[in-house]
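Structure for this input, please:
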Amino acid sequence: MSSNFVLSASLPGHSADVRTVSFPKADLLLSGSRDNTARIWRPHPSAPQAWDIARTLTAHDRFVNAVAYAPPNEMFPEGLVVTAGQDRIINLHDPTAPDGSEPVLTLVGHDENVCALDVAANGDVLSGSWDSTARIWRGGKEVHVLKGHQASVWAVRWLPDGQSVLTASADKTIRRWSASTGKLLHTYTGHADAVRGLALLEGGLWFASCSNDAEIRLWTFDGDLILTLSGHTSFVYAVDTLASGELVSASEDRSVKVWRDGECVQTLTHPAISIWSVSACPATGDIATGASDGVVRVFTRDPARWADEATRQAFEKQVAEQSINSQQVGDLKMSDVKGPEALAQDGTKDGQVIMVREGTAVAAHQWSAATRTWQKIGDVVDAVGSSRKQLHSDGKEYDYVFDVDIAEGQPPLKLPFNANENPYVAAQRFLLQHELPLAYIDQVVQFIEQNTKGVELGPSSNEYVDPYTGASRYRAGTGSAPAAGAGAGAGGFVDPFTGGGAYSTQPAPPKPSVLPVKGPFLSFTQANVAAIENKIRQLNESIDPSLKLSDGQLDALGRVGAYVGAGGKGAEVKEEDVAVLRGVVQGWPEAERFPALDLYRALLAHSALPSTDILLPASSWPAASPAKERQTTQMLALRGLANAFRTEGGRARLAGADAESTLDALAQAQWEGLNKLARVAFASVAFNYSVLAVTGKLPSPTAGTKLLNVVQLVLEKEQADSETIYRALVAFGNLLHAKEGFPAQVKRGKDLARAAAVRQGAEQRIRDLVDEVGRL
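Below is the predicted model:
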């Protein structure tokens, strides 16, 4: 038996975030997802490391956020699977029933999303909800409502004796209650943020909690804090106990950590941003995880259940190819970047992360104490790209601090937000801090999105899906704000059981059309001007003397930077200053020109300057190269093209004399040589051109045909990124509305769209869009 966990299986099947997993038995694994389903997995009879979907549970019509297992009884010898979610309902299912079977029991009583479940040995159910209560259910009836928390109850746990329960809340407290009377027995305080998970230790002699404060705490039931485990660098969502006495924890920092005797002994980095859930199997010691990439994964210490070498290598490659925002590597600063020689020195502890410069790029490497090696866990992005920071009253710096008017005559509340974070996380933090109903979360997110227009859509990795509605990715037609005063029932949801609306047997109304989309243009305007200028000055010190900039030329770049930093406000930047910038973009070697190209990219969002003729040659387009500098410059060039659509003059150039030459150049793209960020930018340029087409502003039918070829290139070549495909599908739909292209082209485009949807596992927004395109 190995001392380290190794990947045993990756289980695709869900089409959205896997929010919850439970691993109660060696032959039973449960998962719940934002795709509105729960799944029952069973081991494959002839392959110990493979799992099959035994049943898909579809009784919920909104996100499934909690699953649990009820032990066998006389009526149900295989036990029951318990599920709960955003529809406020708890369902109990017979795991042996066929797909499509109704739940054997439904529990109704919570007023908000049910996000936590646990089941006692006698079958009593314990639930926690956003309505700030926990509830105990026995024989299908509610026997106690545990009231006292001031915010959502995120975690619940039965104690082994069945006489008391634990609850953990976003109000930063943990509470112990009598299961027989429902009375509060003890309150545990100490966490600095929402408490998200609970686990019992040593048979229930003490317990562990985890929190958004990135810490895990070990407690006695008398309230004494035994130990604090620090090592995660972001929210810790879940914690569980191994039979060995070790702990496992799951976090927003992309990792699951294994803890022994107060120390982290192993870090399992995932190719996903959020690891929402982790569960340990009592019988085998294997662990299962659920993550934001929609995959359930199983890890084991038993070599007999290890995945084959090719599968493990593919997983490691996925991890290494992830893009990591520079703010996701803990307390490290860009000034802490080390040279490659740092990889020859041992790390100080398992999970330690260092940033290592690789040419002009930066990669994150993590120390594995088990193998005594540094393992690459991704490329650090946005080292030049964070917005200017603003100080919030909590003493922390943020990209934005908005004033939010809540009520007439009252001072506005401060809403802090970083451009690289999930807007749903920021909205939830704001609502909980000010004790506002979580029903307003969508309105707060829309406020953030409306006030950050032009900032790159979504986090830098373009991978993260928000945990509540999935809206952190680009969705065509989501620009409108919700109706004022929308409350818990906003969005058209009606609960037929609790009276949230009248029950109706009428068929659901057809989904509203997305197409055509006539704007806004997609752009990438975020820029850390100070960092860009510092990098140019640094490179200027070592550049060939014949290319070195004078102090006056550096001052000219400073004036351009000031104009960009002010959001293009004030007097238009002078042509002679732009000429200096253009000279650097066109004249410096490729490995050194990227900060100047980044500045020109940002400037195009505010000034009607030449784009195609400057950007594409500066990035050696379309020639591909594995070199990071080529991938970076091509990504920046494509983002610059997208930004050029923001100004009337820029659009006039791209829709006029530059249209056909730009589209011809894009059609020559060497797709496999573009990194993920570049592919998203490429699709954004295609979308922006499609907006011109659907508004009748393309110069000729020939340009429309060329644009259709560009869009079809994306649909044919893109194999992995759903965001790239979605933007290309919207562009294709716009072109169909604009009647561009020949019939044969249109048919081929529809075939490619359907094939792209299949490759993506039919993500809902893509499925809906492909259906709509098929009807055009």
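
Could you point out the helix or strand that follows the helix ranked longest in the chain?
Secondary structure assigned by DSSP state H gives helix 676-694 as the longest helix of the chain. On the C-terminal side of helix 676-694, the closest following helix or strand by DSSP states H and E is helix 701-717.

Which single strand of the protein contains the most residues?
strand 47-57 (DSSP state E).

got a list of contacts for that one?
By Cβ atoms under 8 Å, 6 or more residues apart in numbering, the surrounding residues in contact with strand 47-57 are 8-9, 11, 13, 29, 37-44, 64, 81, 83, 91, 93, 95, 97-99, 298, 300, 304-308. Just so you know, the C-beta spots here come from the backbone N, C-alpha and C atoms, and that holds for glycine as well.

With stretch 746-758 instead?
Stretch 746-758 is touched from outside by 708, 711-712, 715-716, 718, 725, 728-729, 732, 735-736, 741, 763, 766-767, 770, 773-774, with contacts defined as Cβ under 8 Å, 6+ apart.

Pull out the buried residues from it.
Neighbour counts over stretch 746-758 (16 or more other Cβ atoms under 10 Å) mark 746, 748-750, 752-753, 756-757 as buried.

how many degrees apart are the longest helix of the chain and helix 701-717 in direction?
150 degrees (axes from the mean of the first three to the mean of the last three Cα atoms, to 10 degrees).

now helix 676-694: how far from the chain's centre is it?
Chain-centre distance of helix 676-694: 21 Å, with Cα atoms, centre = their mean, to the nearest Å.

quick one: low-confidence parts of the stretch 251-400 of the chain?
Within the stretch 251-400 of the chain, the segments meeting pLDDT under 70 span 323-336, 360, 370, 378-398.

The stretch 551-700 of the chain now?
For the stretch 551-700 of the chain, no stretch has pLDDT under 70.

Kindly recompute the last result at 80.
Applying pLDDT under 80 to the stretch 551-700 of the chain flags residues 570, 628, 657.

Quick one: the helices in it, in order.
Using DSSP state H, counting those that start in this stretch, the helices of the stretch 551-700 of the chain run over 551-565, 575-587, 594-603, 612-618, 628-644, 648-655, 659-667, 676-694.

so which of those helices comes closest to Phe207?
With Cβ to Cβ as the measure, helix 676-694 is the member of these nearest Phe207 (41.0 Å).

So which elements touch the closest one?
Here helix 676-694 touches helix 628-644, helix 648-655, helix 659-667, helix 701-717, helix 722-737, going by 3 or more Cβ pairs under 8 Å, 6 or more residues apart in numbering; DSSP states H and E.

What are the boundaries of the strands in the stretch 1-150 of the chain?
6-11, 18-25, 28-33, 38-44, 47-57, 64-70, 80-85, 89-93, 105-108, 114-119, 125-129, 133-138, 141-147 (DSSP state E, counting those that start in this stretch).

ranking the ones you listed by mean pLDDT, which is last?
Of all the strands of the stretch 1-150 of the chain, strand 47-57 carries the lowest average pLDDT, namely a mean of 90.

ok so, going back, separate out the buried members of the contacts of stretch 746-758.
The neighbour count (16+ other Cβ under 10 Å) marks 708, 711-712, 715-716, 718, 725, 728-729, 732, 735-736, 741, 763, 766, 770, 773 as buried among the contacts of stretch 746-758.

So which of the buried residues of stretch 746-758 sit within helices?
Those of the buried residues of stretch 746-758 lying in helices (DSSP H): 746, 748-750, 752-753, 756-757.

Any chance of JSON lines for those residues, columns pLDDT?
What follows is these, written out as JSON lines (pLDDT from 0 to 100):
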{"residue": "Val746", "pLDDT": "77"}
{"residue": "Arg748", "pLDDT": "82"}
{"residue": "Gly749", "pLDDT": "77"}
{"residue": "Lys750", "pLDDT": "82"}
{"residue": "Leu752", "pLDDT": "81"}
{"residue": "Ala753", "pLDDT": "77"}
{"residue": "Ala756", "pLDDT": "73"}
{"residue": "Ala757", "pLDDT": "69"}
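
All set, thanks.
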